[in-house]
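[1] curious how this folds, go ahead:
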Amino acid sequence: MPDYRQANFEISQVWHGDIVAPTPWADFDRYGRYYYMARSVDIASYPNRDIAYVAYALGGLVAVDITGLRQQDGTTSLLGIIPAVPAHGPDEPRSGETKSLYPHYGWGMLKEGGVKDVEVRDNVVWYADHFAGLVAVSGADDPGAHWQGAKGKGGYDNDDPALGDGVLGDHWPDYEFVTSFDMSPHDPTDNESLPQWLFEAPAMLASGEIIGHGGPFELAPTMDLGASGSADILQATGAGGVAWVDIVDLAAPNQADRYDLLAWYPTTDEIGAAPDGSPTQGMSIGHTQGITASNQYLYLGDGPHGVSAWQIADFNGAPIDLPRLVANTVQDEYPVTVNGETVYPATHATMVVYDEATESVLSCSQSVGLRRVPVGRVEGGLGVPGAPLLLQPTLTDIFEHGGEGAGDGEDGAGSGSLKGQDHASGVVVEGDLAFVADGTMGLTVYDLSKDPTDLASGYIVGNLGGEKGAKPPLGRATAVALWRDVDGGRYLFVAAGARGVGVIDATDPSAMRFIKVFEPIKLEDDTVNAADGRAVDVRVIDDVVWFTYSSFGLVGYTLEDLLAPVPEGVDPTEIWTREGEGTNFDYRPLALGYLDLTEVPGYETLAYEFLFFDHTQVLDEVTLYIGAGDAGVAVVDVTDPTTPSVLELVPTIGDATAVVVRNGRLYVADDVGGLVAFR
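    A predicted model of the protein is given here:
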């Protein structure tokens, strides 16, 4: 089987060179990486036939006749496909974007989406779908006869020229590409409604979220599908812990009456604040992607569970080895009404930043903008383990430009000034101004002192990069750092996704301008090229600006080089050309320091990506602590910025995404691994 060298050849020599040749492996890497990923399999035997049922991620549930394997002739055949509920991702080939191994704009939930697990029993296939929850379908013995919707053109291969046009993308499991099932929303008024086919044969059950997204499960040794009160299925519910599910009546008219939740075991034994403020909320964490801290408290951004506060030091400043929960937002993605009062969540919290001046946590969401969560009572010591505080953002704490909440006014008219969707991924605060890394919308500046429910308040101060086009000038911005010069100039450094490094003059936040945007230099076989992957995080330390990269690690530049203007007449967002593309020019700065773990002896085959990081500076020693994804946490010495060196690589349980260092402790947002603490 071809390896990465084949994909690299197709990218560098075919996509970016003069060679004319097919690019199947590069195409698959670009468009199929998470769409087709076999996660689990179960096998059932029938008279004269053996069938394997494969949980094939966003490719759906696939039934394959494997009788030939038992008969040793090696033949297999596709019997049928049940489509997954699509996640939000690319909906057409985007040839205008930079092509590299990792230019995955808008991939969102693709890593987690789709079919996760499968078991077959008594002619029923049970499977877990990330969005559909626990699903049951009939007709396991003859998928070819039963697994097909009534509306489609027939058949299962949505890329078959006889059914479609055979264009790249027709095989993607998105709503508009599935033709053999009714993928229209069951409830057209609900933008999260499941597809219609899940409410008709062959579907027998589609639970949706029970406690969290659908995860792996086990069927009980004996199942009583017609009786109430029996524990039939134990399911891991995404980041929600595990749940015992009772299958009550698969023929009930309403889906909600077909099953019941018997028991739920969250991922922690901490007691949180319920929407009414009472200490009765079970607390699960396990989508932890953001982390920040004051001196005494740790704040987690935990996806659908919002923001939670944990005590990590006593009032004398002594570290507490076991963090304890002292406050949380409502454990829901949507507002909750209690006694006529609306309680707002920190919707799908990712990155979080503590603002000491206002005693608040700014929580980023990649779909609904920025949430300001007041934590003054936490900092005042009013929350204690067992009697936690309920953190409640108000409408005036919700800053967004494209959503349905704050800024829409009473008539729901929207802000009107920015048309794209909010993709807040990172933020830096200076005074009343919040500079937000806003995904494909570039940089958005909010005035936190203004009322975001009032369209005339001027709460949106400025935006750069939000114009629509084939290639967003700041890519998919995920992080931003701020630096001031002695003359009062304000400069922003942006981790600009696949576009790489962004440098912005934000002295006037209402009229920001590009200084330069570029992908770091990469040498390939004596050819000057651009780095693969995406810039993720950025931090200014002394006179060096460090960027983490998903594909190769760490790169640092001097402030002087980044702030140097490009020659007059050069577009600051296009400061170099590839060899052979007309008149060649390259005004990209050279990196001061660079580190790729796979070039370090002992790590040559390591699968990793450098994500969000923190640092310490003790006397002259500068150390970076970097979330390295599946590889854990990387500790890197950059005291000499020209030669970064790895001090340690420490594995974690999940996917180390972000870190913070406080009081001699290292805390890690470990995604599905929750919170990890190191001395």
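[2] can I assume V178 is in contact with P83?
    Yes. V178 is within contact range of P83, at 4.8 Å (criterion: CB atoms under 8 Å). Where you see a C-beta, it was placed from the backbone N, CA and C, and this is true even at glycine.
[3] and the two? Which one has more around it.
    P83 (28 against 24; other CB atoms under 10 Å).
[4] quick check: A456 is in a strand.
    No. According to DSSP: H, G, I helix; E, B strand; the rest coil, the state of A456 is helix, so it is not within a strand.
[5] state the number of residues packed around it.
    A total of 8 residues lie near A456 under the criterion other CB under 10 Å.
[6] now G380
    Neighbours of G380 under the rule other CB under 10 Å: 10.
[7] low-scoring stretches of the chain, by residue?
    Within the chain, the stretches with pLDDT under 70 are 1-4, 28-35, 88-110, 149-177, 179, 239, 403-417, 468-470, 524-526, 579-582.
[8] which stretches of it form helices?
    Secondary structure of the chain (DSSP state H): helices located at 4-9, 24-31, 67-70, 143-146, 376-379, 559-563.
[9] how far is the fifth one from where the chain is centred?
    Right, helix 376-379. Relative to the centre of its chain, helix 376-379 is centred 29 Å away, using CA atoms, centre = their mean, to the nearest Å.
[10] buried sites along that helix?
    Of the residues in helix 376-379, those buried under the neighbour-count criterion (16 or more other CB atoms under 10 Å) are 377-379.
[11] tell me the contacts of V338?
    275-276 (CB atoms under 8 Å, 6 or more residues apart in numbering).
[12] what's near enough to touch the spatially closest residue to M512 that is not a sequence neighbour?
    Leaving aside its chain neighbours, M512 sits nearest to L464 (4.2 Å; criterion: CB to CB, 6 or more residues apart in numbering). Contacts for L464 were tallied using CB under 8 Å, 6+ apart; they are 442-443, 473-474, 504, 512-514.
[13] buried subset of these?
    The buried subset of the contacts of L464 (16+ other CB under 10 Å) comprises 442-443, 473-474, 504, 512, 514.
[14] between which two of those is the distance greatest?
    Farthest apart among the buried ones among the contacts of L464 by CB to CB are P473 and M512. That separation is 11.6 Å.
[15] contacting residues for the closest residue to F612 other than its chain neighbours?
    In space, and not counting its chain neighbours, F612 is closest to A658: 3.7 Å by CB to CB, 6+ apart. By CB under 8 Å, 6+ apart, A658 lies in contact with 289-291, 351, 611-613, 627, 668-669.
[16] related to what we said a few turns ago, any chance of the buried residues of helix 376-379 in a markdown table with distance to P567 as columns?
    Formatted as a markdown table, the buried residues of helix 376-379 follow (distance: CB to CB, whole Å):
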| residue | distance to P567 |
| --- | --- |
| R377 | 54 |
| V378 | 51 |
| E379 | 50 |
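[17] break the chain into its domains for me.
    Domain segmentation of the chain under automatic domain parsing yields 1-30, 32-265, 599-679.
[18] make TSV from the ones you listed and add distance to T394 to it.
    Output for the domains of the chain, formatted as TSV (distance: least, CB to CB, whole Å):
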stretch	distance to T394
domain 1-30	43
domain 32-265	24
domain 599-679	26
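[19] about what we covered before: identify the bridge partners of the residue nearest to F612.
    Beta-bridge partners of A658, counted by DSSP bridges, are A669.
[20] that older thread, relative to T280, which of the contacts of L464 is nearest.
    Among these, L443 lies closest to T280 (CB to CB), at 41.4 Å.
[21] in the chain, where's the longest strand?
    Longest strand in the chain, counting residues (DSSP state E): strand 319-328.
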